[in-house]
Each structure stands twice: as C-alpha cells, then as structure tokens.
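> sequence plus the predicted model coming up.
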Amino acid sequence: MTSSEKVNKLLEIYSFSNELGEKITFTESQRKIIGCILDLGIDNKKLVQIETPTRFGKSAAVAAAILMRCSKKEQWAIVAGTGEKAQIIMDYLIDFALQNVIPRELLKTQTSLDKLKQERSRTTLTFSSGFEVRVFTTDSRNKQGAGNAIMGFGAPFVVLDEAALVDDVTEAKIFRMIAGFSTTKHLYIKIGNPFYRNHFFKSHKDPDYALIHFDYKKGIEEGRYTQEMIEKARSKPGFDVLYDVKFPDADAIDDKGWSSLLTEEDIERAFVKDGTGFGFLKIGCDPSGEGNNFNTVVKRYRNYAAILFKEKILNQWEFSEKIINFKNKLKDTEGMMPLGYWIDKVGIGEGYYQTMRVDLENVYGINVGQKANNSEEYMNLRAEAYWRLRQDIKSGKIQLEKNDDWFQLAQIKYRTRLEGRRGKIEIMSKEEMRANGIESPDVADALMLTYTFTDPSGTIHIEEERSQPLTKFERYSPFNEI
C-alpha cells in the first residue's frame, strides 16, 4: 500500500472538524505531511524537515496524523517554540481525540471525557493502548533550564514545531530525546517557517533530512490563499519568510536589532588544514570554573589561528603548567616566543592570571567590559576586539585551523546602539547569551582576547618574493619594531 493510499484509507475511518465545527478536507500538501508521520519518515529517512507558509494547516495535519496512530503502543513528544503554539497543538489533539471513536474509547479509562473537554492546560494525553503524547514548550525565561528539562525525557518520536524559533543549543538537547532509540523505530520532524539561519537552515541543506517544502503558490493552488490576499501580504514585513518560505540573508537583523558577527560561510571560508603562521604570535586564554564550560587557549599568528587546548581543568597551576610546556616546546619548533599572553581576569580568571604571572612574562589580564580604545565607535573593549576579529576574517587576513569549535563565532551577535548622535557597536553580553540558551563561547572569546591589544603595525609575509632569503629575525619580527 502506497503512502497516499494509506492516508486515504485512514481518512475514511477518521473525521476531523475545525473550531467552527466544519469538516476539515485535507489538501494534497497536508496529506503529504500526514503520510510522512504515518510512514514514520520519507524514503527510509527518519529525519524530516517541513517548511510551509504561515496558516497553512500544518499543525492540524500533524495532530491528525499522530492521533491516527493512537491504537499503537508509542510515545510521542511534541515540542513547540512558544507557549502559545504548544497550547494550539494541545487544543487540536484534544478536539480531534474527542471527535473520533477510536481515540475517544481509548481515552475513556484514562480520564474523564467531560473534564477533558474543558481542560485545556494539560500537557499529556495517555491512552489505554499505551499510546502517549506529551507537549513541551521551550518558551521560558531560562531557556537553558527548559532545554535541560526536555533532554531529561526520552521519546522515539519527536516533532519540533516552529523549529526555527528554537535556538541551536536547545534544539541539540531536543534532538537527544531520540538518541536512545536510534537503532529502533524513531522519527524526528522539524516544522516551521525559515525565520533564522540557525539549525533549521543547516537541516534544510542536510541530505540526511527529507525535505517537504511548499510556498504561497501551493497555497493559492489549493485554495488556501487568494491572489489578492497574497498581494496585500507582499507589502508587509516578513513576506519572504512567512509566505515565500525563504531563509533571510546571512547578514539579516533580528527583531531586537542583533546580527551575527560572522556567518557560518565566513568561518568555513577561513578554514585551512595544517596552516602555517608567520609574523608574530599571541596567546589568548579563556579560563573557566566548574560547570559545562572549558578552559581554552588559542594561539594566533598574523595570518593563522589554532586551538592550543580546550579542557575542563579546574586547577589554575595545571593550566599554567600546560602553557609553560607549550612555550618550552616552541623554542625547539619555531625559535619564536609569544608577544604575550592575554587572559580574561574577570571573576575566576583573576586567580589564573596571578598564577601565570609568576612563571611567564608579558601576561596581560583583560577586563573586556572596560572602555574601548576607540570609545566613539565601540561600547567597550569586547566590542572593539570582536570587530577587529570580524574584519580579519571577512577580509581573508587570517585563516583558522579546521575545527567545528570555531562555529561559536557565528553565535556572537552585534548591533549598532545609538548613543548621543552616533551609533556604537555593541556585542551581546554573556548574560544575555546564556538567557537565550547559548553556552559560553570559550573558543571564540579566547581568540577575541588576542585582539584586545592592537597588533604590530606590519609584518613580512613569508611567501614574499625577495632577492635574499629571510633571516629568522626578519621572518618573525614586525616592521618598525626592532
């Protein structure tokens, strides 16, 4: 039996009505969404992304499809990006369950149907067949806490609605819900409009995901929209995302004015394997205490940066010892010493800074919250340093050792904040990043610290054509600094 035949057969048994009591006649596109859930995937792909215009009826189709599986012993988790969306989904699930004999009978022994008709705040529906549906929301002031709570619940079948509104860190925790079922029956569906170029954009391009994509033209064809309505919507903000179902440009600004400092494409273009550094060497250190963050050290030459180490070392003496060992090895491998060591000395970093100063020269303790050197253009030193880093990567002046940890740079957000009569560059604070579920960008911050002091005014490129070979001094010395 084909997928469409299965859908048609079940829709002869089940009947669904909208909030006005009108029977829902599912269109071709909605039936494709229903078939994806009934078949637990598309073409043997258990990862599915569904992209449709707004008010396309995708939530109703998903709820109907899930309830048509209610005679099976299964556990489903539906995660919504907002509390309002979670309530809409639960309303559909309750209404559809009460409208059909099979789910209604399976619910009878589990709960009072009269109570269920009036109760709209519940998050779980349990059927006597062993079928269970739980609805979660990531809409919380503490997004990290909400993500951890979701991660604590495992389910083989997960639907993430309005997926693009969920940040990357929380989505990773949602994805882990199916981790224990990867060798058995499972399904992971992401649904929504392409609001952001986050994980939703990645899975859009990922060949491991089956993609269902419809735009407003399909809506007009199926009688869901009129041409007049579309023309009116075209003049309003967000038409490309909401109706044309297109991802925003890489440098698009969100509703709070934040833009990505760098795109993933910028970072990938900077990747290189086995790069060689020249000119000078700076060491950036981002220490961390207990928790999920890492003690991270990055080395940066004029043209190349690499992660020296990223470990959960809680002992500041052990941290210093690793850097000293690196320095000693450097004498044998390159004959060049670092210009200095730049370390975040705010909070727990103060102890690391003081310990490093005992055995190393040119250790600079940095408070990135202090006034920028160019205070007319930047809110603080952190903004100024990150902007220098951005300019180097955008202009191709620096390459990055190929490592996925550099993608933390894409999580750094900036905006222009009006102060007086002119705008200043501001970088989103760590506190606001944490509130949005973004883990501390330790690797990005370690690299940024090497930009808090201006670089030497110029360097000699090792590949520059010369009549005489470069001496070791010329190879590593900045111009104008003898």
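Sure, I can see it. Numbers count the residues shown, from 1 in each chain.

> next, count neighbours for Tyr364.
Applying other CB atoms under 10 Å, we find 18 residues neighbouring Tyr364. (Each C-beta comes from the backbone N, C-alpha and C, glycine too.)

> quickly list what it is bridged to.
Going by DSSP bridges, Tyr364 is paired in beta bridges with Trp342.

> which residue ranges of the stretch 301-450 of the chain form helices?
Using DSSP state H, counting those that start in this stretch, the helices of the stretch 301-450 of the chain run over residues 316-333, 349-359, 381-394, 430-435, 442-449.

> which pLDDT does the model give the residue most central in space within the chain?
What sits nearest the mean C-alpha location of the chain, by CA atoms, centre = their mean, is Asp168, with 2.2 Å. Listed pLDDT for Asp168 reads 86.

> same check on Leu470?
So Leu470 comes in at 47 (pLDDT).

> so where's the stretch 151-300 of the chain shaky on pLDDT?
For the stretch 151-300 of the chain, the stretches flagged by pLDDT under 70 are 151-152, 237, 251, 255, 289-292.

> switch the cut-off to 50
Nowhere does the stretch 151-300 of the chain drop to pLDDT under 50.

> also the stretch 1-150 of the chain?
For the stretch 1-150 of the chain, the ranges with pLDDT under 50 are 141-142, 145.

> ranges for the strands of it?
According to DSSP state E, counting those that start in this stretch, the stretch 1-150 of the chain carries its strands in the segments 47-51, 75-80, 124-126, 132-137.

> contact partners for the residue nearest to the centre of the chain?
Residues counted as contacts of Asp168 (CB atoms under 8 Å, 6 or more residues apart in numbering) are 198-199, 411, 438.

> circling back: most packed of the strands of the stretch 1-150 of the chain?
Among these, strand 75-80 has the highest mean neighbour count (mean count of other CB atoms under 10 Å), at a mean of 24.

> what angle do that strand and strand 132-137 make?
20 degrees (axes from the mean of the first three to the mean of the last three CA atoms, to 10 degrees).

> what helices and strands are in contact with strand 75-80?
Applying 3 or more CB pairs under 8 Å, 6 or more residues apart in numbering; DSSP states H and E, we find strand 75-80 packed against helix 58-67, helix 83-99, strand 132-137, strand 157-161.

> mind putting those into JSON lines with distance to Met229?
Below are the helices and strands packed on strand 75-80 laid out as JSON lines (distance: least, CB to CB, whole Å):
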{"stretch": "helix 58-67", "distance to Met229": "18"}
{"stretch": "helix 83-99", "distance to Met229": "21"}
{"stretch": "strand 132-137", "distance to Met229": "30"}
{"stretch": "strand 157-161", "distance to Met229": "24"}
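
> could you look over these and pick the most buried one?
Among these, ranked by average contacts under mean count of other CB under 10 Å, first place goes to strand 157-161 (a mean of 26).

> for the nearest residue to Ile13 once chain neighbours are set aside, give me its contacts.
Spatial nearest neighbour of Ile13, excluding adjacent residues (CB to CB, 6 or more residues apart in numbering): Ile102 at 7.5 Å. Applying CB under 8 Å, 6+ apart to Ile102 gives the contacts 13-14, 70-71.

> just the buried members of those?
Buried subset of the contacts of Ile102 (neighbour count, 16 or more other CB atoms under 10 Å): 14, 70.

> so which of the contacts of Ile102 comes closest to Ile348?
Cys70 (51.9 Å; CB to CB).

> and the closest one, its phi and psi?
The phi/psi pair for Cys70 (degrees, to the nearest 10) reads phi -70, psi -10.

> Glu132 versus that one, what's the distance?
Distance of Cys70 to Glu132, computed by CB to CB, to the nearest Å: 10 Å.

> over to Gln227?
43 Å.

> Gly279 too?
In this structure, Gly279 and Glu132 are 61 Å apart, going by CB to CB.

> wait, Ser259 touches Tyr414, no?
Yes - between Ser259 and Tyr414 there is a contact at 6.1 Å, judged by CB atoms under 8 Å.

> give me the more crowded residue out of these two.
Tyr414 (20 against 15).

> check whether the more buried one really touches Leu262, as I assumed.
No - applying CB under 8 Å as the test, Tyr414 and Leu262 come out as separate, 9.7 Å apart.

> and the nearest residue to Asn403 once chain neighbours are set aside, how many neighbours?
Leaving aside its sequence neighbours, Asn403 sits nearest to Ile307 (CB to CB, 6+ apart; 5.8 Å). Using other CB under 10 Å, the number of residues around Ile307 comes to 18.

> and the gap between Ile307 and Phe56?
Distance of Ile307 to Phe56, given as CB to CB: 44 Å.

> contacts for stretch 404-419 next, please.
Under the criterion CB under 8 Å, 6+ apart, residues 168, 253, 256-264, 266-267, 270-271, 307, 310, 379, 383, 386-387, 389, 393, 400, 423-428, 433, 438, 441-444, 447 lie in contact with stretch 404-419.

> go with 7 Å
The contact list for stretch 404-419 (CB atoms under 7 Å, 6 or more residues apart in numbering) reads 257-264, 267, 307, 310, 379, 386, 400, 423-428, 438, 441, 443-444.

> which of these count as buried?
Buried, going by 16+ other CB under 10 Å: 258, 260-264, 267, 307, 310, 379, 386, 400, 424-428, 438, 441, 443-444, out of these.

> out of the helices and strands packed on strand 75-80, the one nearest Gly223 is which?
Using CB to CB, the helices and strands packed on strand 75-80 put helix 58-67 closest to Gly223, at 15.5 Å.

> residues touching Lys45, list them.
Residues near Lys45 by CB under 7 Å, 6+ apart: 208-210.

> among the residues you listed, who's most crowded?
Tyr209 (19 neighbours).

> could you pull up phi and psi at that one?
Note on Tyr209: backbone dihedrals following degrees, to the nearest 10 are phi -100, psi 130.

> so how far is Glu28 from it?
21 Å.

> neighbours around Ile343, how many?
Per other CB under 10 Å, the neighbour tally for Ile343 reads 26.

> thought it was touching Gly349?
Yes - the pair Ile343 and Gly349 qualifies as a contact (CB atoms under 7 Å) at a distance of 6.1 Å.

> what do those two both touch?
What both Ile343 and Gly349 touch, as defined by CB under 7 Å, 6+ apart, is the set Pro287.

> now mean pLDDT too, for the helices of the stretch 301-450 of the chain, in a markdown table please.
As requested, the helices of the stretch 301-450 of the chain are exported to a markdown table (pLDDT from 0 to 100):
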| stretch | mean pLDDT |
| --- | --- |
| helix 316-333 | 89 |
| helix 349-359 | 92 |
| helix 381-394 | 95 |
| helix 430-435 | 85 |
| helix 442-449 | 96 |
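
> helix or strand: which one has the nearest residue to Asp43 once chain neighbours are set aside?
Closest residue to Asp43 apart from its sequence neighbours, by CB to CB, 6+ apart: Ala210 at 6.1 Å. Using DSSP states H and E, Ala210 maps to strand 209-213.

> Gly277 - that's part of a strand, no?
No - counting by DSSP: H, G, I helix; E, B strand; the rest coil, Gly277 is located in no strand; its state is coil.
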